[in-house]
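[1] Just the structure for this:
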Amino acid sequence: MKSKTLATALALAAASLAAQAQAPQYNVTDIGFLSGTYGSQAYGMSSTGSYVYGRDYAGRFASSGFVWSASTGRVDWGTAVGSASYGGVNDAGLAVSTLGSKPYMDSNGTFTALALPSGFTTGQVNGINNSGIAVGSVGSGSAQEAVLYNTASNQTTAITATVAADGAYMTSATAINNAGLVVGTGVNAMGTTVGLLYNSTTQSLTEISGTATFDVTGISQNNGWVSVNLGNAGTSTPYLWSQATGLVAITGIGGVVDGVNSNGTALLAAGTGNNLYLVNSSGAHTINSLVTSSSINFQSTSAGAASIADNGDILVAGVDTSGYIHAALLTPVPEPTSWALMLAGLCAVGTIVRRRARQG
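    Just a heads-up that it's a prediction; the model follows:
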C-alpha cells in the first residue's frame, strides 16, 4: 500500500510537469530602446535567462550594444567602443560582442579586445558559456577559421579538427554550451557547406549534416540538441539534431529554427509575415497566442527569434503599432492547476517520507 501511495504522489508531481510542458503562457518584459534609434534587436541570452545581450539598431549609423538583467535593467554601451553586432552573454553577466570588425568582451563596463591570431586583423564573436569560453571566427572568405576565445587568459585558439570521412572543417562557430560543445558551419573537401559539432574536451569534430547547410543556430545546455537549417536562404528546412537521434525534421510550418533547449522545445520564425513559433511535444504555437498581454506584435517581417533557455525563457523581438522593434524577454507563467498538482504531489511525497522515518 505504501508503494502504491508513493507512486500516486509521484504521479501527481509528474502530471504537473507534463501540464506545464504543453503550451505555457508567457509574461512579456519589454527591453526597450534608446531615443533616436529604430528599436532594439536581441542577439543572445545567458543559459538561465538571467542576462540578455543586444543592440539598439540605428540603420547605417553606429548601433549601441547593451546588457540587460532584471536586477540592473539596461546597461548601455554607447558607440565610442564601436558599432555593436553579434555576440552573447553568460550567467555572470560577462558579455562578448563584435564591435565594428573586431571581437571584444565587456566586464562591468570595462571593454577588452579579444586577441586575434597572428596574421588576422578581423574577427567575430557569437556566444559565450559560463566558463568564459567564447566562440566565433577570424578572417573572411576562404581564409575564415572558427575559433575559441578564452576570456580569462585572452588567448584565441583555432578549431583545427577535421572529419575523416570527407575532410570537413569548421569555419565559423555559432554557439557553445556549458559542457564545452560547440556548433557551427564549415566546408568539406567538395566545397559543400555542412553543419558541425566540436567537442572542445576531446577535440573531435562530428558532422551534423552531409548535405547543404544554410545555418546552425544553437545548442541546448545539457543534452546536445542542435538547431540546424538545411538548404539555402529562403528555402531552408528546419531540423533538430542530436547524436542519439540524428536529424529530425520540424514539419508542418517550415521556416527557420533559431534555437532549442534541453527539453527539445524549439523556437522558429516561419510563414507569412514572419510569424514566431514555439514548437514542443504538443505542437506548434504562435508566440502571439502564448503571451498574456503585450502591445508588441510577434508576427511581422521585422520580428525575430533569438534563443530559448532550459527554464523556458524566450528571447525574441517584435514590433509595436508605430513600427519600432522591441527586444523582449518572455518568461513562462505556470498555470494554477499545474501549481496545485505539483504542490499536492510534493506534499504527499513529504508526508510519506516523514511517516517512514518515524516508523523506521
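
[2] all helices for the protein, in order.
    2-21, 287-290, 336-359 (DSSP state H).

[3] now the second one, how far from the centre of its chain.
    This means helix 287-290. 19 Å (CA atoms, centre = their mean, to the nearest Å).

[4] where does the residue positioned nearest the centre of the chain land on pLDDT?
    Residue closest to the mean C-alpha point of the chain, counted by CA atoms, centre = their mean, is residue 307 at 3.2 Å. Looking at residue 307, its pLDDT is 95.

[5] low pLDDT regions in this structure?
    For the chain, applying pLDDT under 70 flags the ranges 1-22, 335-360.

[6] Residue 113 contacts residue 103, doesn't it?
    Yes. In this structure residue 113 lies within contact range of residue 103 using CB atoms under 8 Å: 7.3 Å. No exception for glycine: its C-beta is placed from N, CA and C like everyone else's.

[7] Have a look at those two and say which one is more surrounded.
    residue 103 (28 against 14; other CB atoms under 10 Å).

[8] what's the distance between the more buried one and residue 228?
    24 Å (CB to CB, to the nearest Å).

[9] before we move on, what about residue 203?
    Taking CB to CB, one finds residue 203 at 22 Å from residue 228.

[10] what is residue 89 paired to in the beta sheet?
    residue 95 (DSSP bridges).

[11] Which residues are in contact with residue 249?
    237-239 (CB atoms under 8 Å, 6 or more residues apart in numbering).

[12] actually residue 152, sorry about that
    residue 132.

[13] before we move on, back to that, between the contacts of residue 249, which is closest to residue 188?
    residue 239 (18.2 Å; CB to CB).

[14] Bridging across strands, which residues link to that closest one?
    residue 228, residue 249.

[15] does the residue nearest to the centre of the chain really touch residue 267, like I thought?
    Yes. The pair residue 307 and residue 267 qualifies as a contact (CB under 8 Å) at a distance of 7.1 Å.

[16] who touches both of the two?
    If you check residue 307 and residue 267 against CB under 8 Å, 6+ apart, the residues they both contact are 258-259, 314.

[17] burial measure for the nearest residue to residue 128 once chain neighbours are set aside, as a count.
    Excluding the flanking residues, the one nearest residue 128 by CB to CB, 6 or more residues apart in numbering is residue 134, at 4.1 Å. Residues near residue 134, counting by other CB under 10 Å, number 28.

[18] Can you name the residues that contact residue 134?
    Contacts of residue 134 by CB under 8 Å, 6+ apart are 88, 96, 103, 105, 114, 125-128, 148-149, 151, 176.

[19] Apply 6 Å and report the result again.
    96, 125, 128, 149, 151 (CB atoms under 6 Å, 6 or more residues apart in numbering).

[20] export these to a markdown table and tack on distance to residue 224 and neighbour count?
    Below are the contacts of residue 134 laid out as a markdown table (distance: CB to CB, whole Å; neighbours: other CB atoms under 10 Å):
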| residue | distance to residue 224 | neighbour count |
| --- | --- | --- |
| 96 | 22 | 27 |
| 125 | 22 | 29 |
| 128 | 18 | 28 |
| 149 | 21 | 26 |
| 151 | 23 | 20 |
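
[21] Among these, name the ones in strands.
    96, 125, 128, 149 (DSSP state E).

[22] Does the second one touch residue 104 like I think?
    No. Under the criterion of CB atoms under 6 Å, residue 125 is not in contact with residue 104, lying 7.6 Å apart.

[23] and the gap between the nearest residue to residue 137 once chain neighbours are set aside and residue 66?
    Once flanking residues are discounted, residue 137 sits nearest to residue 172: 4.2 Å by CB to CB, 6+ apart. Distance of residue 172 to residue 66, given as CB to CB: 24 Å.
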